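Trainee: Return a 3D structure for these sequence lines:
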Amino acid sequence: MNHLKFNAIVDEVLTSIFEVLQQKSVEYSSEGDRLHNFKAAGLLDEVSPEKSLLGMMAKQEVSVRDIVKGIDKGKKFTKAQLDEKLGDWINYLILLKGLLIERLQDEA
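Mentor: Reported below is the predicted structural model:
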């Protein structure tokens, strides 16, 4: 893949990630805390918010791995399916980074 095509993918992914995270912030945040659901789920499961997020993120990883296995077996996927599953996985990594940065700052 040439640089122009790859850069176009990067631009598209970054735009999509920003839009989804903005949209979901209204849906999933509480009291102005973008990471509220992971903190609340961690309390329910008696684990850290980060471990709670990793548990939720595992579903995304399974989906991505299933896509890779499916492609290896000749299964076809749409660009929209790839965008959704890979975008979700990337978003969870960004959310995890937010949790980790917040925790490190709180512990400092």
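
Trainee: so who does residue 103 touch?
Mentor: 48-50 (Cβ atoms under 8 Å, 6 or more residues apart in numbering). C-beta coordinates here come from the backbone N, C-alpha and C atoms, glycine included.

Trainee: Which among those count as buried?
Mentor: 49-50 (16 or more other Cβ atoms under 10 Å).

Trainee: Check which residues of the helix or strand where residue 71 lies are buried.
Mentor: For residue 71, the host element (DSSP states H and E) is helix 49-72. By neighbour count on 16+ other Cβ under 10 Å, the buried set for helix 49-72 is 49-50, 52-54, 57, 60, 67.

Trainee: Around the nearest residue to residue 90 once chain neighbours are set aside, count how many other residues there are.
Mentor: Of all residues beyond its chain neighbours, the one nearest residue 90 is residue 17 (5.8 Å), with distances taken as Cβ to Cβ, 6 or more residues apart in numbering. By the measure other Cβ atoms under 10 Å, the count of residues near residue 17 is 17.

Trainee: returning to what we had before: against which helices or strands is the helix holding residue 71 packed?
Mentor: If contacts are counted by 3 or more Cβ pairs under 8 Å, 6 or more residues apart in numbering; DSSP states H and E, helix 49-72 sits against helix 36-45, helix 79-107.
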